[in-house]
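Student: Got a sequence here, can you model it:
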Amino acid sequence: MPRLIFNAADVRRVVEHSIAAPKQGETVMDYAPKTGKPMTKPVPAPSVLLVHDQGVYLMSNGEPRDVISQTSFVAYARGCHPIADSDWWETSRALVGGDDFSETLPWAAEFKALLDRGAKTIALEFRDDAIEIVEG
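Tutor: Alright, predicted model coming up:
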């Protein structure tokens, strides 16, 4: 089963930003017929976004965003950084498929608990129709 592994220090920044943020971004549930406008709903807990576009990464769902150098701070999955990893595209595609996506994971507190217990990495495993946190 594909496993994404993230550096603990980078995930800590993402998680702590999400938990401290005054507001969480809403999640897109669907798109309205005819207009194509997104239909959203509030996120129930501090969350992180798992994103696949230019690499695979976690970012805070908190607002206002955690911006550095005009872009959001992100924690890249091992092997999926478009600058640091020469074969990032192939690795990303092998791990999560070819389509771009963003998935809201309401697990900021769970990630923080793992980090506070000394986890050196955070790992996500893809199983059938689910994503699970596993020991890194």
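Student: Verify the stated contact: Ala109 with Ala45.
Tutor: Yes: if you go by C-beta atoms under 8 Å, Ala109 and Ala45 touch, sitting 6.8 Å apart. Bear in mind the C-beta positions are built from the backbone N, C-alpha and C, glycine included.
Student: tell me the helices in this protein, going along the chain?
Tutor: Remark: helices assigned in the chain by DSSP state H are 8-20, 88-96, 108-116.
Student: in the protein, which spans are strands?
Tutor: Using DSSP state E, the strands of the chain run over residues 3-7, 23-24, 27-31, 38-41, 48-53, 55-60, 62-63, 67-68, 71-72, 75-76, 101-105, 121-127, 130-134.
Student: Where does pLDDT dip in this protein?
Tutor: Residue ranges of the chain with pLDDT under 70: 1, 136.
Student: mind checking how far Leu50 is from Leu124?
Tutor: Using C-beta to C-beta, to the nearest Å, one gets 7 Å for the distance from Leu50 to Leu124.
Student: what residues are shared contacts of those two?
Tutor: Each of 4, 131 lies in contact with both Leu50 and Leu124 under the rule C-beta atoms under 8 Å, 6 or more residues apart in numbering.
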